[in-house]
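S.K.: Here is a sequence with its predicted model. Questions after.
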Amino acid sequence: MPLEHHPLNREFPQHHDALRQLMQSDPHFPRLAGEYEALDKRIYEIEDGRETADDLVLQGLKLQRVGLKDEIAELLRKAGGA
C-alpha cells in the first residue's frame, strides 16, 4: 500500500474556503491545524521508516490524528463549511 500524507486540504477539499476563513478568524484553529499537520508528518515518517516507533505508539498517534480531525470537522460544521 502506498504511503500518503493526509493534509487538511486533501481531507476536506470541499471546505477550502472555510479552512482559510477559520485560519484567519479563529485564534484556536491555526494551532489545531498545525498540530494535525505535525502529527500527520510524524505518522508518515514512521510508516516510511525514517523514524522508529512500535505499533502501539503508531496506533496512538493515528488515534490522536483522528481526534484532531474530528475536532476540525466540528469547527468546519459550525462555521457553515460542512
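M.R.: Structure received.
S.K.: any idea which helix is longest in the protein?
M.R.: Residue-count comparison of every helix in the chain, with assignments taken from DSSP state H, identifies helix 55-78 as the longest.
S.K.: Could you count how many residues lie near L75?
M.R.: Residues contacting L75 under the criterion other CB atoms under 10 Å number 19. Backbone N, C-alpha and C define where each C-beta goes, glycine included.
S.K.: And the pLDDT for it?
M.R.: On pLDDT, L75 comes in at 95.
S.K.: Where does the prediction get shaky in this structure?
M.R.: 1-2, 81-82 (pLDDT under 70).
S.K.: Just the C-alphas of the longest helix of the chain, formatted as CSV.
M.R.: As requested, C-alpha coordinates have been extracted for helix 55-78 and formatted as CSV (Å, rounded to 0.1, in the frame of the first residue of the first chain):
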residue,chain,number,x,y,z
ASP,A,55,3.0,-0.4,16.6
LEU,A,56,1.3,0.8,19.8
VAL,A,57,2.9,4.2,19.5
LEU,A,58,1.9,4.5,15.9
GLN,A,59,-1.7,3.5,16.6
GLY,A,60,-1.8,6.1,19.4
LEU,A,61,-0.6,8.8,17.0
LYS,A,62,-3.2,7.8,14.5
LEU,A,63,-5.9,8.0,17.1
GLN,A,64,-4.7,11.5,18.1
ARG,A,65,-4.9,12.5,14.4
VAL,A,66,-8.4,11.2,14.1
GLY,A,67,-9.4,13.1,17.2
LEU,A,68,-7.9,16.3,15.9
LYS,A,69,-9.6,15.7,12.5
ASP,A,70,-13.0,15.2,14.3
GLU,A,71,-12.4,18.5,16.2
ILE,A,72,-11.6,20.3,13.0
ALA,A,73,-14.6,18.8,11.2
GLU,A,74,-16.8,20.1,14.0
LEU,A,75,-15.4,23.6,13.7
LEU,A,76,-15.9,23.5,9.9
ARG,A,77,-19.5,22.4,10.5
LYS,A,78,-20.1,25.2,13.0
